[in-house]
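# okay, predicted coordinates and the sequence, questions at the end:
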Protein chains: 6
Amino acid sequence: MSDALLKTHFSETRLKYTGPELRPHFILSQFKIQGSAILAFRGACDVQTEELVDWEDRLVQDSIRATEMVHFLGEFFGPTLRETVWTQRLFIGILAEILREKFSVQTTRTGDDLWIGGRKLSVSIVTSSAVSQLLHIGINIDPSGAPVPAIGLAECGVDAEAFAREALSRFAREYTGVWDACTKVRPV
Amino acid sequence: MSDALLKTHFSETRLKYTGPELRPHFILSQFKIQGSAILAFRGACDVQTEELVDWEDRLVQDSIRATEMVHFLGEFFGPTLRETVWTQRLFIGILAEILREKFSVQTTRTGDDLWIGGRKLSVSIVTSSAVSQLLHIGINIDPSGAPVPAIGLAECGVDAEAFAREALSRFAREYTGVWDACTKVRPV
Amino acid sequence: MSDALLKTHFSETRLKYTGPELRPHFILSQFKIQGSAILAFRGACDVQTEELVDWEDRLVQDSIRATEMVHFLGEFFGPTLRETVWTQRLFIGILAEILREKFSVQTTRTGDDLWIGGRKLSVSIVTSSAVSQLLHIGINIDPSGAPVPAIGLAECGVDAEAFAREALSRFAREYTGVWDACTKVRPV
Amino acid sequence: MSDALLKTHFSETRLKYTGPELRPHFILSQFKIQGSAILAFRGACDVQTEELVDWEDRLVQDSIRATEMVHFLGEFFGPTLRETVWTQRLFIGILAEILREKFSVQTTRTGDDLWIGGRKLSVSIVTSSAVSQLLHIGINIDPSGAPVPAIGLAECGVDAEAFAREALSRFAREYTGVWDACTKVRPV
Amino acid sequence: MSDALLKTHFSETRLKYTGPELRPHFILSQFKIQGSAILAFRGACDVQTEELVDWEDRLVQDSIRATEMVHFLGEFFGPTLRETVWTQRLFIGILAEILREKFSVQTTRTGDDLWIGGRKLSVSIVTSSAVSQLLHIGINIDPSGAPVPAIGLAECGVDAEAFAREALSRFAREYTGVWDACTKVRPV
Amino acid sequence: MSDALLKTHFSETRLKYTGPELRPHFILSQFKIQGSAILAFRGACDVQTEELVDWEDRLVQDSIRATEMVHFLGEFFGPTLRETVWTQRLFIGILAEILREKFSVQTTRTGDDLWIGGRKLSVSIVTSSAVSQLLHIGINIDPSGAPVPAIGLAECGVDAEAFAREALSRFAREYTGVWDACTKVRPV
């Protein structure tokens, strides 16, 4: 039993992300971390069309692949899907801030995508289960195998673990900050 | 900035409860405690009819008075009014559990009231602001002045501060337990 | 068509509880009772690990078994999961109140569990479907077969049917009381 | 304490409607009816610009006046504003159904307005308080004094009380029907 | 990317409705229309008992059949099930208004059913998915094969396509009107 | 009547921001723009302590002042306060993106604040009314008069109107993108 608003964990163990990890209680059942949480880990990415949750992508028979990514897998109990999409967009923005401020890497954000020089750095999705909202963000380390022009952290000289740990830390602070902001304002 | 789900505080300073304390951000503005929280303190109670938030009581020109009570003042950001009424009822139940288990005092609960031998031990109300839900529970220490047959903790030999501190502790544990219970169940 | 807030029914027919009964519209499809409702019945309990909805229990390969229980199966249309967990906790508290007041049996409540002298009297869970919240509470009558030290109503001399009928009646009154409490308070 | 989903009441006593009646707990404090409810009564209507809750009307310095109307005043605990606007639109539709089926009066509905031959039969608004949603529908009996071309039930030969009682009855049935519809569908 | 609140589409292509079309993203995956939307099309109707989402009908082994219907299939992202049932009832009311005003056909509405002279003109259901609310309304064109006394638009001389296009247009206007009504009222 | 999800407007007319503009329907009543909207305008800023909605600031007797700011005033019908705080944080992030990408100005974001070289560029708050969520962001043009070390767009060579128009445009696109993201994902 713990009363933190959001837990974060960086797993040293590599894990291949294939899609079905985006399910309720994956973090609880695999990592014994209960409650709203973000898990980060490194590993390959290989999501076949039939595992995609995004209908836009399914309809064009898309798939997702990279030799190595740093993955952020989030589960949030309480918010709506739409609130969680705003959360995702800001998380993507935070990743861009870290890359610029800590690693001098300039990216461009469009919605939930990050780009470097026209090449794609990230994939991301948010969806709902009956008990929670689920988030996946994958940031290429080695993008080889990707079906589109892509770039990775390795080519940019970014240490993936340091990057991920900083992202977990900043996002957790932002998350608490957002909750705090709701508890100090006089209604009008 | 703190990320606990619920904060609790027992104030040694006595405070008279007159009704308007049941407002958003009273705990923040008076005690610098931000977020969902329960504050406990001792003090007189004198709520005039025009300060009552309960229409049933207002319509019969009721009022609330006692020479000394231990007050629990709660503010909850996020839940609905109805969820908070369930929370209140369970809090009242917890107070009864503590009286029985720690102080060997038998009470009877009906809704949000506690009774001992037909005499009233408590008053309580839950209401809404535009940004939060608000809870007041007053447990008589010295009920003199009450407009109905009443009894207090003093007559029962119960130390009000020890009682209040145990209540804050148990309720905070229950609160966290309820949040935890929402994050571990497979949907059906 | 009926406009009651909560229906209750005690079924004389025995039913074995195995887990899948905790699904939307079980009460409607089996008992023709429509809307938010609590059903009570007696019967064995045998829930295998793979039927458990509680991940904490699944992860330790737990299971639930008793020769005879009185079961309370609730379905609530409208509230959130978290509101329903508060409801569950109060229901458990009401069961303890009845045992003490009507049957002179002292129990201890911790969260959603009831204990007598360190032996477990109850099991309980709340979960969500896409259209409702679902509640199961099982109170041992004959706990034999239980995987943990347990006790039952029979050993305590409690008539299970009288106990269950009183519980349905008190809970329905509490439920209506909670709704009423939301319709009489001046906002602040 | 009552557990009906919606209460209805036709008040024989005439009441002038001036705007501030559209407030939380007017029905409870004036008629001792607690919970979601619709009250109907006859009386003049005189709502000055500064009492209007509709900004579209306030901005054009509108006002509402009629010598006699049958008023429906509703308060709903639980739904959102938007759900209540749907409820209002259907209520207006039910009024048109009754006029046609019981009184052979043909009306045209546009949004929350009823018209007969280009003349206005009704006024209506829905708004929010911090604890409930509030609805007013006024159907002209004698429209004299109205700032726009208007018509009333008297000219149409409609008995206002019979009309109002039928409206309360049909709306209550529809209300229960809508709640029932939410408790019998398999999610997809 | 489009920012309309509700999209509507009349499909010239005939489609047989068998039940499973009432699922999330059917309109997106089949018609490339994203967001809250209503689709209309003509086609046979043949929903077997096991495909029914209505437990009342399933329990009596009901089924739905007609040689030709005009179908309205809606998906709404954001509202609750109960709000969507109000929406459905009003949509049914709008269909009755169109039949009377444009086609001089008198119908009677009871809940979500339309009748002409004791014969059934329509079928309808609303249910939930984890990400949206779903609506089906079927209006008989040729009711032959129906398991109950039924009537269709053909016998009434109503052009099904003109009827459907008018319904989509009026409903979209109503939908926007309801949203607008929520954005102009002073709270009380 | 319009069915866009979010309206934006840049007002050429200067307006002094003093705090009470952060109220429901300011945009509707002053600019005839109905529905969820963002208004931008230039003007002085002078918010006295007693007009502050932020209790943290009120408690330290803070105030807000600048000779000229570009103000963004938003009103959102439908979301919760917490969702709107996420929205605010992302809007602040977008402002930083525009400053960097279009005007080569590097800023640092901490929560809802933007900084340049340790000097404050912005003020911002989100609060609730009973019918909507309200947002104010003020970006200094000329910060003179500010009670803390501050910097403005003028010193950075940024054209305030071009900046504001780009911000409205990008935010409206993001807003629609977030709504779209909720309507295309398979639940898990």
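Perfect, I can see it now. Numbering: from 1, shown residues only, chains lettered A, B, ... in the order given.

# is chain F within reach of stretch A:151-168?
No - using CB under 8 Å from any CB of the partner chain, stretch A:151-168 stays clear of chain F, with a minimum separation of 14.5 Å. Every C-beta, even on glycine, is put in place using the N, C-alpha and C of the backbone.

# interface residues of chain A facing chain E?
By CB under 8 Å from any CB, the part of chain A that sits against chain E consists of A:55, A:56, A:58, A:59, A:81, A:82, A:127, A:128, A:129, A:130.

# from chain B, how far off is the fourth one?
In this view, residue A:59 and chain B are 27 Å apart by CB to the nearest CB, to the nearest Å.

# repeat that for the second one.
Residue A:56 sits 26 Å away from chain B, taking CB to the nearest CB as the criterion.

# list the contacts of that residue.
Neighbour list for residue A:56: E:34, F:184 [criterion: CB atoms under 8 Å, 6 or more residues apart in numbering or on different chains].

# host element of it?
helix A:55-59 (DSSP states H and E).

# got the contact list for stretch A:150-162?
Residues outside stretch A:150-162 that contact it (CB under 8 Å, 6+ apart): A:10, A:42, A:66, A:68, A:70, A:99, A:102-103, A:105, A:116-117, A:119-121, A:139-143, A:163.

# which SS class is residue A:126?
Put simply, residue A:126 is strand when judged by DSSP: H, G, I helix; E, B strand; the rest coil.

# let me see the ranges of the strands in chain A.
Ranges of strands in chain A, per DSSP state E, are A:7-11, A:37-47, A:64-76, A:108-110, A:113-116, A:119-120, A:122-128, A:133-142.

# mean neighbour count and mean pLDDT for the ones you listed - can I get that in a markdown table?
Formatted as a markdown table, the strands of chain A follow (neighbours: other CB atoms under 10 Å in any protein chain shown; pLDDT from 0 to 100):
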| stretch | mean neighbour count | mean pLDDT |
| --- | --- | --- |
| strand A:7-11 | 18 | 97 |
| strand A:37-47 | 22 | 97 |
| strand A:64-76 | 24 | 97 |
| strand A:108-110 | 16 | 98 |
| strand A:113-116 | 18 | 98 |
| strand A:119-120 | 17 | 97 |
| strand A:122-128 | 24 | 96 |
| strand A:133-142 | 24 | 98 |
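
# how about the residues of chain A next to chain E, which pair is most distant?
Using CB to CB, these span at most 24.6 Å, a distance reached by A:59 and A:130.

# give me the more crowded residue out of the two.
Each of residue A:59 and residue A:130 has its neighbours counted (other CB atoms under 10 Å in any protein chain shown); residue A:130 has more, 20 against 16.

# can you tell me how far that one is from residue E:25?
Separation of residue A:130 from residue E:25 (CB to CB, to the nearest Å) stands at 17 Å.

# swap in residue A:17?
Distance from residue A:17 to residue E:25, by CB to CB: 23 Å.

# distance check, residue A:17 against residue A:125.
11 Å.

# overlap in contacts, these two.
residue A:136.

# hmm, back to that, can I get the residues of chain A next to chain E in CSV with distance to residue C:155?
Output for these, formatted as CSV (distance: CB to CB, whole Å):
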residue, distance to residue C:155
A:55, 57
A:56, 61
A:58, 58
A:59, 62
A:81, 49
A:82, 53
A:127, 49
A:128, 46
A:129, 41
A:130, 39
